[in-house]
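>>> next one to model:
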Amino acid sequence: MTLEELGWNERFEREFSPFSKKGWVPARLIRDNKITYGALTKGGEEYEVIMSGKVYHDAETDAELPAVGDWVALEIGTGDLDNVIRARLSRQTCFSRKAPGKSSEEQVIAANVDVVCIVTDAGTDLNLGRMERYFTLVARSRAQALVLINKSDLYSEEQNREAAEAIQALSPDADVVVTSAVDGQNVAEIENYLEPGVSITFIGSSGVGKSSLINALLGEEWLEEGEVNEVTGKGRHTTTARELIVLENGGILIDNPGIREVQMWTDETTLRERFLDIEELAAQCRFNDCRHGSDAGCAIRPAVEAGELSERRFQAFLKLDDEIEHLKKRLKKRKMTIERRAKRDHRIKARNLADRVEFEREENPNPDSLPEL
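This next block holds a predicted model:
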């Protein structure tokens, strides 16, 4: 196995140059075991590795810590010494969301991915609002979006087609494919994306068939699956951790646990690009601070009433815009809290040093032996 087959390229090569002089080797993280990581190196050698203290302390946030898909500089231990991550290379792409709950932290789902494959179905899992969120996050990651409407064998051809059309309308640039891991419908189309060095991450709700599709691509039961619920038709698969899998015929797959919350981690620029039609209409409003309600001269509300703009799309935009604004405020508040704590710690450190100098002066009047302030 070559580094190129793992996704290595000239950009990583240039960045890694200083590390190679130290005897470290490039490795890609394939598994996060919470305390340790699984890493692959040239030749397909797999190592269990730990993170150095410097890498940990240099990371300002958890999102800057190594994640599945990252390239790292690895020092391979000899004897009883650990294999240690000495540095993380910068990411070409990064698919992430806001961490679940009330946190204002970014959660990295997969690093250095080329294609984000969103798996859903035409039944109970189909949620256009959630799909809009996925597309917005994919746009920020700079990866390509691929949607698989899976379990087509459980729904009518018309229902599958309508689901595909609705999703395609949300993002004309996305590739949308109707699939079935059970009878193999269109599974072969996914293989068109599986080129050497190309990384694809699979995301979606629990039970939509991500593991089944990956097993179909691998041709073996690589990922364990649970039994299918006869009422919902959803499989209770047991993916509990992210894992990167390199395929023999080329391509890299990253499986993920089911995602319950798709909370936004993006910026206003990405949102505006995703809803460019609404932005263009908003530019036609009479007033710059138009709230697009009953304001005089609003250009968006008449477009909705005339059917030129979908009410659902407009409401989705308002909701995401409000969520991003809320996130900005929380991040600003968090930054202020961190800065206050840093200033407080600095004052405490300075006060302790002053007390120490005063104590030393009383104990030893010789000024040459006193510590510097």
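
>>> I149 and E165 touch, don't they?
No - contact status for I149 versus E165: not in contact, 10.4 Å apart, counting by CB atoms under 8 Å. C-beta coordinates here come from the backbone N, C-alpha and C atoms, glycine included.

>>> give me the more crowded residue out of those two.
Between I149 and E165, I149 has the larger neighbour count (other CB atoms under 10 Å), namely 28 against 10.

>>> can you tell me the closest non-neighbouring residue to the more buried one?
V178 (4.7 Å; CB to CB, 6 or more residues apart in numbering).

>>> where's that neighbour relative to E311, distance?
27 Å (CB to CB, to the nearest Å).

>>> same check on Q168?
Q168 is 19 Å from E311, by CB to CB.

>>> next one: V176
Counting by CB to CB - V176 and E311 are separated by 23 Å.

>>> strands along this structure, start to end?
25-32, 37-40, 46-51, 71-75, 83-88, 94-98, 106-111, 115-121, 144-150, 175-178, 199-204, 243-246, 252-255 (DSSP state E).

>>> what's the angle from the third one to strand 71-75?
Direction vectors for strand 46-51 and strand 71-75, defined by axes from the mean of the first three to the mean of the last three CA atoms, to 10 degrees, enclose an angle of 90 degrees.

>>> do the same with the first one
The directions of strand 25-32 and strand 71-75 differ by 110 degrees, with the same axes, to 10 degrees as the criterion.

>>> which strands and helices lie in contact with strand 25-32?
helix 10-20, strand 37-40, strand 46-51, strand 71-75, strand 243-246 (3 or more CB pairs under 8 Å, 6 or more residues apart in numbering; DSSP states H and E).

>>> show me the contact partners of the first one.
For helix 10-20, the surrounding residues in contact (CB atoms under 8 Å, 6 or more residues apart in numbering) are 26, 71, 73, 86-87, 89-90, 92.

>>> farthest-separated two in those?
R86 and Q92 (20.1 Å; CB to CB).

>>> ok, these two, which is more surrounded?
Neighbour count, other CB under 10 Å: between R86 and Q92, Q92 has more, with 18 against 15.

>>> that older thread, Q168 and E311: who's more crowded?
Q168 (14 against 10).

>>> mind giving me the domain split of the chain?
4-88, 94-255, 267-373 (automatic domain parsing).

>>> from the chain's centroid, how far away is the second one?
Spelled out, it's domain 94-255. 14 Å (CA atoms, centre = their mean, to the nearest Å).

>>> swap in stretch 305-319?
27 Å.

>>> now swap in stretch 80-88 and tell me
With CA atoms, centre = their mean, you get 24 Å for stretch 80-88.

>>> quick one: which of the contacts of helix 10-20 is most hemmed in?
W71 leads those on contacts (other CB under 10 Å) with 28 neighbours.

>>> could you measure the residue nearest to it when sequence neighbours are not counted against K54, distance?
Excluding the flanking residues, the one nearest W71 by CB to CB, 6+ apart is L89, at 4.3 Å. To K54, L89 is 15 Å away according to CB to CB.

>>> how about A122?
For A122 relative to K54 (CB to CB), the value is 49 Å.

>>> so what's the nearest residue to E46 once chain neighbours are set aside bridging to?
Spatial nearest neighbour of E46, excluding adjacent residues (CB to CB, 6+ apart): L40 at 5.6 Å. When bridges are called by DSSP bridges, L40 pairs up with R28, E46.

>>> any idea how many residues pack against L40?
Applying other CB under 10 Å, I find that L40 has 22 neighbouring residues.

>>> now do the contacts for it.
1, 6, 27-28, 30, 46, 244, 246.

>>> dump the residues you listed to TSV, plus distance to E191.
Shown next, in TSV, are those (distance: CB to CB, whole Å):
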residue	distance to E191
M1	19
L6	19
A27	27
R28	22
I30	21
E46	25
L244	18
V246	15
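
>>> of A122 and K54, which one has the most company?
A122 (24 against 12).

>>> phi first, then psi, for G297.
Backbone torsions of G297, given as degrees, to the nearest 10, read phi 80, psi 10.

>>> pLDDT on stretch 53-61, on average?
Computed over stretch 53-61, the mean pLDDT rounds to 89.

>>> go ahead and name everything in contact with that stretch.
64-66, 85-88, 105-106.

>>> report the buried residues of it.
Buried residues in stretch 53-61, counted by 16 or more other CB atoms under 10 Å: V55.

>>> can I get that stretch in PDB? Just the C-alpha atoms.
Extracted as PDB, the C-alpha positions of stretch 53-61 are listed here (Å, rounded to 0.1, in the frame of the first residue of the first chain):
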ATOM      1  CA  GLY A  53       1.700  16.300  25.200                       C
ATOM      2  CA  LYS A  54       2.800  19.100  22.900                       C
ATOM      3  CA  VAL A  55       0.100  18.200  20.300                       C
ATOM      4  CA  TYR A  56      -2.500  18.200  23.000                       C
ATOM      5  CA  HIS A  57      -1.500  21.400  24.600                       C
ATOM      6  CA  ASP A  58      -0.900  23.300  21.300                       C
ATOM      7  CA  ALA A  59      -4.600  22.600  20.300                       C
ATOM      8  CA  GLU A  60      -6.700  25.600  21.300                       C
ATOM      9  CA  THR A  61      -9.900  23.500  20.900                       C
END
